[in-house]
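[1] I need the structure of the sequence given here:
(one chain, ligands or ions: 2)
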Amino acid sequence: MGHNRPMQIVRVTGWNIHLPYVEGVYRMSGDRVTTGMDAVVVRVTADDGTVGIGESGTVGVTFDSQHLPGQIAGISYLAPAILGMDPRSPQSVHRRMQATMTGHPYCKSPIDIAVWDLAARAAGQPLWQRLGADGPEPTPLYRPVQGTTPDEVRVKANERLAQGYRRLQVKVGDDPVVDARRVLAVRDAVGPDIVIFADANCGFSLSAARRFVGLLGPGGADVVLEQPCATLTDCAHLRSSWDGPMVMDENITSLAALIEAHRLGVADGVTVKLTRVGGITPAIVIREAAVELGIGVTVEDASGCNLADMTFAHVNASTPALRRVHTVDFDSWVTITHVTGPPARQGGSLVPDATLPGLGLELDMQFFGEPFVDVQR
Ligand code: 0XW
Ligand code: MG
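    Ligands and ions are numbered 1, 2, ... in the order given. As a prediction, this is how the structure comes out:
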């Protein structure tokens with residue numbers, strides 16, 4: 001038997017990087033338009049030289065309660081507090097972050113991901129295995145279809161199919177009449193076998209959401225409704241008009257929120273965003289509870305490139321197949337890939353590498369300038 005030698009975190013380094021979109025712009029309801037996403041990358045180094053890396057970031061400042069300068073300040077505050085801790089116990093490191101700063105989960109997320117990567121590397125295991133997965137299983141991808149008119153979204157939906165996606169997300173949440181026409185146009189263009197999520201990103205008032213689902217007609221065009229209104233209460237009221245599948249995203253901020261969504265009957269599925277909840281440690285608690293409750297789970301985030309995608313690949317692989325829904329591939333969205341190693345995307349799925357330890361990726365230092373934080377013990 002080998003000896004369990006002590007190991008400690010001796011350095012924490014963080015950079016931020018802007019990731020422009022390949023397609024120019026991305027729109028969500030309420031005229032929330034961005035031309036790229038911000039990502040923060042954290043590297044945690046152990047005393048034996050093993051490193052772990054994590055990425056999590058923001059899409060503008062009007063999606064979730066997140067702000068890049070806040071993330072930089074919070075990570076700089078948290079970094080010294082985890083020096084000296086054993087990175088092979090990620091939950092312990094997360095408890096230290098919780099004790100150091102209340103809230104601000106978007107600051108804890110990239111540190112937590114980097115510590116999980118390091119823990120898996122130290123164990124000589126891929127992260128999917130460290131998280132208890134059955135194997136390096138694939139997670140199907142979805143991709144938003146953007147466009148303001150029915151004709152535009154028809155063309156865009158077919159482009160997405162040609163790119164290999166079999167699951168589409170149509171952004172809604174503005175004018176219910178216009179939105180319903182666009183969703184029906186996509187359904188007409190892609191046929192009955194393609195999964196369509198209609199994501200309002202909290203944009204509909206309750207009355208607008210009622211009008212929208214009514215205009216989809218009998219069977220609701222077989223769409224899944226994603227976060228139609230801003231609150232769980234309004235989503236619950238919508239149940240009197242919509243008995244089709246409903247998925248909560250922005251409202252899933254914690255385990256307590258998941259339990260409340262379940263109690264209200266609005267969570268056939270949930271989207272757990274790592275940056276929103278504070279990293280892998282809280283995400284897998286929420287995921288395990290959702291699986292236990294029979295709720296489908298997506299693990300993803302608001303922003304990133306292949307490093308974020310690979311994290312989604314590993315964490316989703318450890319969700320039992322019956323409850324694994326889909327996820328996002330940001331590397332296809334943006335013009336920069338700031339890591340080297342295998343791409344997470346394989347055709348229409350994300351797949352973690354079967355054997356490489358941790359996340360299996362290295363930072364490509366040509367993309368990183370001065371770090372905003374670099375603390376050492
Ligand atoms: C499609 N996303 C994963 C990208 C944006 O960050 C928001 C999110 C969503 O579901 O709306
Ligand atoms: Mg969403």
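[2] shaky segments in the stretch 201-350 of the chain?
    Judged against pLDDT under 70, the stretch 201-350 of the chain has no low-scoring part.
[3] can you map out the strands along it?
    223-226, 246-248, 269-273, 296-300, 339-340, 345-346, 349-350 (DSSP state E, counting those that start in this stretch).
[4] any chance of those strands in TSV, plus distance to Ser76 and mean neighbour count?
    Where you see a C-beta, it was placed from the backbone N, CA and C, and this is true even at glycine. Output for the strands of the stretch 201-350 of the chain, formatted as TSV (distance: least, CB to CB, whole Å; neighbours: other CB atoms under 10 Å):
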stretch	distance to Ser76	mean neighbour count
strand 223-226	34	24
strand 246-248	32	24
strand 269-273	22	25
strand 296-300	26	26
strand 339-340	23	18
strand 345-346	32	16
strand 349-350	31	24
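[5] is it possible to export the ones you listed to JSON lines including distance to ligand 1?
    Formatted as JSON lines, the strands of the stretch 201-350 of the chain follow (distance: least, CB to the nearest ligand atom, whole Å):
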{"stretch": "strand 223-226", "distance to ligand 1": "7"}
{"stretch": "strand 246-248", "distance to ligand 1": "9"}
{"stretch": "strand 269-273", "distance to ligand 1": "6"}
{"stretch": "strand 296-300", "distance to ligand 1": "5"}
{"stretch": "strand 339-340", "distance to ligand 1": "19"}
{"stretch": "strand 345-346", "distance to ligand 1": "15"}
{"stretch": "strand 349-350", "distance to ligand 1": "13"}
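[6] a strand runs through Val44, doesn't it?
    Yes - assessed with DSSP: H, G, I helix; E, B strand; the rest coil, Val44 lies in a strand.
[7] one step back: of all the strands of the stretch 201-350 of the chain, which one comes closest to Pro320?
    Ranking these by proximity to Pro320 (CB to CB) places strand 296-300 first, at 9.2 Å.
[8] Could you give the separation of that closest one from the chain centroid?
    Taking the mean of its C-alpha atoms, strand 296-300 sits 8 Å from the chain's own mean (CA atoms, centre = their mean, to the nearest Å).
[9] Other residues contacting it?
    Here strand 296-300 makes contact (CB atoms under 8 Å, 6 or more residues apart in numbering) with 247, 268-274, 283, 287, 290-291, 312, 315-316, 319, 323-328.
[10] Of all the strands of the stretch 201-350 of the chain, which one is nearest Phe368?
    Using CB to CB, these put strand 339-340 closest to Phe368, at 10.7 Å.
[11] Quick one: distance of the closest one to the chain centre.
    19 Å.
[12] What's opposite the residue in the stretch 51-200 of the chain positioned nearest to ligand 2 in the beta bridge?
    Proximity of the stretch 51-200 of the chain to ligand 2 (CB to the ion) peaks at Asp199, 4.4 Å away. Beta bridges link Asp199 to Lys171, Glu226 when assigned by DSSP bridges.
[13] For it, grab the count of nearby residues.
    Look at Asp199: counted by other CB atoms under 10 Å, it has 26 neighbours.
[14] Tell me who's in contact with it.
    When contacts are counted by CB under 8 Å, 6+ apart, Asp199 touches Pro144, Gln169, Val170, Lys171, Val172, Gly173, Glu226, Gln227, Asp249.
[15] how close does it sit to Glu152?
    Here Asp199 is placed at a distance of 17 Å from Glu152 (CB to CB, to the nearest Å).
[16] No further questions, thank you.
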